[in-house]
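Asker: Build me a model:
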Amino acid sequence: MKTSNGSTYSINHDLVINAAIDKVFEAITEPKHLENWWPLKCKGTPRENEEYNFFFTPEYDWYGKVTEFEKGKAFHVKMIKSDPDWDSTSFGFDLKKDGDAVQVSFWHIGWPECNAHFKRSSFCWAMLLNGLKNYVEKGIIVPFEKRE
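Answerer: Down below sits the predicted model:
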């Protein structure tokens, strides 16, 4: 099911992280930091056109390609090998300094349907982004098996 105008569905979340912009950017681009709030394991080089491996379980061993990388400003990924619902999607983080904090605009676009997986992913992203905030601000690492 597409929207009435034939477009796809999108997930959007905004949050403020009280930290230096470089610290936030590292947390969303560096595999060793991504592992502390999102996948179980991660490999990739933070650079445009590079491939990232987001490993959650053997059944969820996913890949994405960096489509935009601008230090301290933008990190965008197009999924290339994942779940059928995710394969048509891209996600990204756009950062903007706001005093001593960082405004994070997160988006995950290109969902073909507003199905249960889309709705669950939207909820999971909200929970994971809260985990990102707590990781960057307070050093809290939620064990992988307790992440949404």
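
Asker: Okay, and V104 sits in which element?
Answerer: Under the assignment given by DSSP states H and E, the secondary-structure element containing V104 is strand 101-111.

Asker: mind listing what's buried in that strand?
Answerer: Of the residues in strand 101-111, those with enough neighbours to count as buried (16 or more other Cβ atoms under 10 Å) are 101-104, 106-111. Backbone N, C-alpha and C define where each C-beta goes, glycine included.

Asker: go on, stretch 126-136?
Answerer: Judged by neighbour count (16+ other Cβ under 10 Å), stretch 126-136 contains these buried residues: 128-129, 131-133, 135-136.

Asker: Return the member of the residues you listed nearest to N36.
Answerer: Proximity of the buried residues of stretch 126-136 to N36, judged by Cβ to Cβ, is greatest for Y135, which lies at 5.4 Å.

Asker: Please name the residues that touch that closest one.
Answerer: When the contact criterion is Cβ atoms under 8 Å, 6 or more residues apart in numbering, the partners of Y135 are 27, 33, 36-37, 141.

Asker: okay if I get the buried residues of stretch 126-136 as a markdown table plus distance to C42?
Answerer: Rendered in a markdown table, the data for those read as follows (distance: Cβ to Cβ, whole Å):
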| residue | distance to C42 |
| --- | --- |
| L128 | 13 |
| L129 | 16 |
| G131 | 14 |
| L132 | 13 |
| K133 | 19 |
| Y135 | 14 |
| V136 | 16 |
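
Asker: Out of these, list just those in helices.
Answerer: In this view, the buried residues of stretch 126-136 that belong to helices under DSSP state H are 128-129, 131-133, 135-136.

Asker: From these, pick the one nearest I11.
Answerer: Within these, proximity to I11 (Cβ to Cβ) peaks at L129, which comes in at 10.4 Å.

Asker: residues touching that closest one, list them.
Answerer: Residues counted as contacts of L129 (Cβ under 8 Å, 6+ apart) are 13, 15, 104, 106.
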